[in-house]
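Peer 1: here is a sequence together with a model predicted from it:
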Amino acid sequence: MERTNIADLKNKFGQPVKIQGWLQTLRDQKRMQFLVVRDPTGAVQIVNEREHDPELAARISALTTESALTITGTPIENPIVKLGGLEMQLESLDVNNLAQSPLPFEPFGDTLPELDYRLDWRYMDLRRPVNALLFRIETAVVRAMREYWQKNNFVEMHSPKLMGSPSESGAELFTVEYFERKAYLSQSPQFYKQMAMAAGFERIFEIGPVFRADPSFTSRHMTEFTGVDVEFSWIESHQDVIAFHENWLRYIYQAIKDEFGPVIQEHFGKELVVPEVPFPQVTMAEAYAILKEQDYKLPPERKGDIDPGGERLLGDYIKKKYNHEYVFVTDWPISVRPFYHMRHPDKPELTRSFDLIGAGLEVTTGAQREHRYDVLARQAQEKGLGLETIQFYLDFFKYGCPSHGGFGMGLSRLLMIMLGLPNIREAVYLFRGPTRLHP
RNA sequence: GGGGGCGUGGUGUAGUGGCUUAACAUGCGGCCCUGUCAAGGCCGAGACCGCGGGUUCAAAUCCCGUCGCUCCCGCCA
């Protein structure tokens, strides 16, 4: 017999069906036995009269919650049943896998263990429907991204994650043994994205792992995360990148709202609002002025950057003034940007770059890249980089590389913003941090 | 890497010098009851209070160290 999803039982009243799922609750009574069985589509009550089949009844009594079961029976309408007004009359029961007892924790208990403990038992935590929903949403987000890229003639890249030399800073790289020498885990596909511009691919994207050896103990950092990278050619300024970014994001939001709007409201308590374009924009200088106006004390020692508290306050300000969840902060000083960001011709201390801040959280960094060999080499030297280690990169710009720009976005951070999650560890399948390598 | 906070049965909490034989909820085991549905009732098992040292007549409680977790900062996506 073919498996029926629990959500479809309401269309099969009176017909014998097979369902497969996990035992969520067993109410084992003297005369009757009630089982609540859950699959990814929902949950249903299954009823068995003990005297109907004493052998079956005994096997049910021996069941433990969260056991994996295959059940056949007949769904019937029953308005008395609070779970959907229907139930299933039990015919047969097969235990695929009996859950040991006690469980490490109750995924459906009144109180949940704290996050770190749940991460130890992630597969149990993921049985909670809200978590299953999160990853269905992530799947749809990525699908919407790809749809938009494909409609706009983007090519997907899969750049290597093993690198022979440190690319940008070097301080935040993981080192791995590579036969007789050392290799590094990629901390960004940046250089390879730009190589594709030199290759004439014109428009590319990549969704892939990014490794950062930063000992960051925050609710928004991971040592390995999924980066969403975009790069495209023949742009006139970073404003072309910003325009693409916001239209792309709007498309994603619309797709998610269409498919999941009500369930996001129900499970995450957040109304998903499709952001209007153009998104609000402020330059770094304006952001500074706004924060000063709000009496926010910026850390004096690091002029030119905004700290997380400032980002949150700026987000609040934009929300209040423009009723918008996102804001682009543009024109960052060269001191806090990498050498490959293009500078404003008329303001050489400022870069043609931007960050996208959503709900006070930094989610994207992007820029127009410097594609002129001489300028790029000079800027690298200014930053104190040895040209030998990046010569392979500089060479991209020797033989006809068009102007270009792009951005890198954190996938899990986008999920955090969309769903209003307080901790990135909930937004990722398996968290990797300085002290977590398992499971 | 710097700073703050927290570590108490499986889990979530209470207790912050003697009233503690460490409490409550949930989960687990047993029994009873019942077309139940956040089921209900009774009984039971389960914690040397993260670990090590110290102060005190007396430490879960105060001090020191250590480990773990967590939040903030730095760094970033």
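Peer 2: Nice, thanks for sending it over. Just so it is clear, the model here is predicted, and its values are computed rather than measured. Residues are numbered from 1 along each chain as shown, chains lettered A, B, ... in the order given.

Peer 1: RNA strand B contacts on the stretch 1-150 of chain A?
Peer 2: The stretch 1-150 of chain A comes close to RNA strand B at residues A:25, A:27-32, A:34, A:45, A:47, A:64-65, A:78, A:80-83, A:87, A:101-106, A:109-117, as judged by CB under 7 Å from any atom of the strand. Heads up, the C-betas are built off the backbone N, CA and C, glycines and all.

Peer 1: just the buried ones from these?
Peer 2: A:34, A:45, A:47, A:65, A:78, A:87, A:113 (16 or more other CB atoms under 10 Å).

Peer 1: any idea what the nearest residue to the fifth one once chain neighbours are set aside is bridged to?
Peer 2: In other words, A:Asn78. Closest residue to A:Asn78 apart from its sequence neighbours, by CB to CB, 6 or more residues apart in numbering: A:Glu87 at 5.1 Å. Here A:Glu87 sits in beta bridges with A:Gln45, A:Ile76, going by DSSP bridges.

Peer 1: so A:Glu87 touches A:Ile76, yeah?
Peer 2: Yes. Assessed by CB atoms under 8 Å, A:Glu87 is found in contact with A:Ile76 at 6.5 Å.

Peer 1: helix, strand, or coil at the spatially most distant residue from the centre of chain A?
Peer 2: Going by CA atoms, centre = their mean, the residue of chain A most distant from its centre is A:Glu51, 51.0 Å out. Under the three-state scheme (DSSP: H, G, I helix; E, B strand; the rest coil), A:Glu51 adopts helix.

Peer 1: pLDDT score for the nearest residue to it once chain neighbours are set aside?
Peer 2: Computed as CB to CB, 6+ apart, the closest residue to A:Glu51 that is not its neighbour in sequence is A:Arg31, at 7.4 Å. Note on A:Arg31: pLDDT of 86.

Peer 1: also the one 10 residues further on?
Peer 2: At A:Thr41 the predicted local confidence, pLDDT, stands at 92.

Peer 1: A:Glu168 now?
Peer 2: A:Glu168 is given a pLDDT of 63.

Peer 1: same check, this time on A:Asp316
Peer 2: For A:Asp316, the model assigns a pLDDT of 89.

Peer 1: now it, nearest residue through space, not along the chain?
Peer 2: Nearest non-adjacent residue to A:Asp316, counting by CB to CB, 6+ apart: A:Gly360, 7.0 Å away.

Peer 1: gap between the one you found and A:Gly315?
Peer 2: Computed as CB to CB, to the nearest Å, the A:Gly360 to A:Gly315 distance reads 3 Å.

Peer 1: ok, now A:Asn97?
Peer 2: Taking CB to CB, one finds A:Asn97 at 46 Å from A:Gly315.

Peer 1: looking at the two, which is more packed in?
Peer 2: More crowded of A:Asn97 and A:Gly315, by other CB atoms under 10 Å: A:Gly315, with 21 against 10.

Peer 1: helix or strand for the more buried one, which one?
Peer 2: helix A:308-322 (DSSP states H and E).

Peer 1: got a list of contacts for that helix?
Peer 2: Helix A:308-322 is contacted from outside by A:280, A:282, A:287, A:290-291, A:294, A:296, A:298, A:306, A:324-327, A:329, A:357-362, using CB atoms under 8 Å, 6 or more residues apart in numbering.

Peer 1: my guess is A:Lys12 contacts A:Pro75. True?
Peer 2: Yes. Here A:Lys12 reaches A:Pro75: they are 5.4 Å apart, a contact under CB under 8 Å.

Peer 1: of the two, who's got more company?
Peer 2: A count of neighbours by other CB under 10 Å puts A:Pro75 above the other of A:Lys12 and A:Pro75, at 25 against 15.

Peer 1: and the closest residue to that one other than its chain neighbours, what pLDDT?
Peer 2: Once flanking residues are discounted, A:Pro75 sits nearest to A:Leu9: 4.2 Å by CB to CB, 6+ apart. pLDDT, A:Leu9: 94.

Peer 1: and A:Pro299, by the same measure?
Peer 2: Reported pLDDT for A:Pro299: 60.

Peer 1: again with A:Gln24
Peer 2: Taking A:Gln24 on its own, its pLDDT is 92.

Peer 1: now the stretch 101-250 of chain A, which segments are flagged as low pLDDT?
Peer 2: Counting by pLDDT under 70, the stretch 101-250 of chain A contains low-confidence ranges at A:167-171.

Peer 1: try 80 this time
Peer 2: Along the stretch 101-250 of chain A, segments meeting pLDDT under 80 span A:110, A:165-171.

Peer 1: what ranges do the strands span in it?
Peer 2: Using DSSP state E, counting those that start in this stretch, the strands of the stretch 101-250 of chain A run over A:155-156, A:162-163, A:175-178, A:181-185, A:203-211, A:224-233.

Peer 1: got CSV for these, with distance to A:Arg59 and mean neighbour count too?
Peer 2: Below are these laid out as CSV (distance: least, CB to CB, whole Å; neighbours: other CB atoms under 10 Å):
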stretch, distance to A:Arg59, mean neighbour count
strand A:155-156, 51, 13
strand A:162-163, 52, 15
strand A:175-178, 51, 11
strand A:181-185, 50, 15
strand A:203-211, 45, 21
strand A:224-233, 44, 22
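
Peer 1: which of those strands sits closest to RNA strand B?
Peer 2: strand A:224-233 (3.9 Å; CB to the nearest atom of the strand).

Peer 1: each with direction, which strands does that closest one pair with?
Peer 2: Paired neighbours of strand A:224-233 in the sheet (DSSP bridges): strand A:203-211 (antiparallel), strand A:404-410 (antiparallel).

Peer 1: can you put the ones you listed in JSON lines and add distance to A:Tyr253?
Peer 2: Below are these laid out as JSON lines (distance: least, CB to CB, whole Å):
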{"stretch": "strand A:203-211", "distance to A:Tyr253": "18"}
{"stretch": "strand A:404-410", "distance to A:Tyr253": "14"}
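
Peer 1: could I get these as JSON lines with distance to RNA strand B?
Peer 2: Formatted as JSON lines, the strands paired with strand A:224-233 follow (distance: least, CB to the nearest atom of the strand, whole Å):
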{"stretch": "strand A:203-211", "distance to RNA strand B": "7"}
{"stretch": "strand A:404-410", "distance to RNA strand B": "3"}
